[in-house]
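Undergrad: Let's see this in three dimensions:
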Amino acid sequence: MRDSISKDNWNAAGLNAIHSAVSASDAVLVCLHGVRSTSPKHDDIVKLFSSLIRHRDGEENVNHLRRLVSMKNIVEYEQRLISQSEAVALSKHAERFLDWVRRLLPK
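TA: Predicted coordinates:
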């Protein structure tokens, strides 16, 4: 994601941000609850994550995940390319979410 931003490759940066957050969500769900979303709809991972993660910072960070997942179809399937500002915003949401996940998971 960072490498793609440094190369002005906005779509790759956005897609990497989204996929890293989805993978991190899977890691948290498996590690802490022994479950993983098998739904093809990425919105479902947000619902599952939200229902299982009860943490003082949980809702704020679920919102980062929600914002990332909400852009998935735009980044992957729409004709238009995402803008620099969209890629940077997705990157920021991913960084915040991933930082929280690192603190949440056991060392």
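Undergrad: From here on, just use CA atoms for contacts and neighbour counts.
TA: OK.
Undergrad: Could you list the residues in contact with the longest helix anywhere in the chain?
TA: Criterion DSSP state H: the longest helix present in the chain is helix 10-33. Defining contact as C-alpha atoms under 8 Å, 6 or more residues apart in numbering, one finds that helix 10-33 is touched by 1-5, 35-37, 42, 45, 49, 52, 65, 68-69, 71-72, 75-76, 81-84, 86-88, 90-91, 94, 97-98, 101, 104-105.
Undergrad: Is there a quick PyMOL command that grabs whichever of those are buried?
TA: PyMOL command restricting these to the buried ones, with burial defined by 16 or more other C-alpha atoms under 10 Å:
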select buried, resi 1+2+4+5+36+37+42+45+49+65+68+69+71+72+75+82+84+86+87+88+90+91+94+97+98+101
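Undergrad: hang on, the earlier thing: the longest helix of the chain: which residues count as buried?
TA: For helix 10-33, by 16+ other C-alpha under 10 Å, it's 10-22, 24-29.
Undergrad: do stretch 54-70 as well
TA: Neighbour-count burial for stretch 54-70 flags 58, 61-62, 64-69 (criterion: 16+ other C-alpha under 10 Å).
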